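Visitor: Pasting a predicted model and its sequence here:
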Amino acid sequence: MQCIMNGRNKTVTLSTVIMLARGFGMTLCEFLDHEIFRSEDL
C-alpha cells in the first residue's frame, strides 16, 4: 500500500482494491461506485 500512496507503484491489483474497500468498511461495489471511476481519464 505504501508504494501506491507515494507513487512508486502505478498499477494496482484486484486484491489490493479489495483490501482498500475492506479497510474503508465498504463492499467492492460500494468502493467502485464512485464518480472518480466514471472519469474519462481512466
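Guide: Done, it's in.
Visitor: Sketch out the helices for this protein, chain order is fine.
Guide: Along the chain, counting by DSSP state H, helices occupy 2-5, 14-23, 28-32.
Visitor: Throw those helices into JSON lines and include mean neighbour count, distance to S39 and mean pLDDT, thanks.
Guide: For the C-beta atoms, the positions are set from N, CA and C on the backbone; glycine is no exception. JSON lines is the format used below for these (neighbours: other C-beta atoms under 10 Å; distance: least, C-beta to C-beta, whole Å; pLDDT from 0 to 100):
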{"stretch": "helix 2-5", "mean neighbour count": "10", "distance to S39": "18", "mean pLDDT": "69"}
{"stretch": "helix 14-23", "mean neighbour count": "12", "distance to S39": "16", "mean pLDDT": "92"}
{"stretch": "helix 28-32", "mean neighbour count": "12", "distance to S39": "12", "mean pLDDT": "92"}
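Visitor: Which one of the ones you listed lies nearest to E40?
Guide: helix 28-32 (16.4 Å; C-beta to C-beta).
Visitor: Find the residue at the geometric middle of the protein.
Guide: V17 (4.3 Å; C-alpha atoms, centre = their mean).
Visitor: which residues sit in contact with that one?
Guide: With contact taken as C-beta atoms under 8 Å, 6 or more residues apart in numbering, V17 is in contact with L28, F31, L32.
Visitor: got a list of what the second one touches?
Guide: Meaning F31. Listed by C-beta under 8 Å, 6+ apart, the contact set of F31 reads V17, L20, A21, F24.
Visitor: got it, and the first one?
Guide: Going by C-beta under 8 Å, 6+ apart, L28 touches V17, I18, A21.
Visitor: repeat that with 10 Å
Guide: L14, V17, I18, L20, A21, R22 (C-beta atoms under 10 Å, 6 or more residues apart in numbering).
Visitor: out of those residues, who's nearest R8?
Guide: Using C-beta to C-beta, L20 comes nearest to R8 of these, at 16.7 Å.
Visitor: from what I can see the closest one touches T27, true?
Guide: No: using C-beta atoms under 10 Å, L20 makes no contact with T27, being 11.8 Å away.
Visitor: rewinding a little: now render the contacts of F31 as a markdown table, adding distance to M5.
Guide: Shown next, in a markdown table, are these (distance: C-beta to C-beta, whole Å):
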| residue | distance to M5 |
| --- | --- |
| V17 | 14 |
| L20 | 11 |
| A21 | 16 |
| F24 | 14 |
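Visitor: Good, we can wrap up now.
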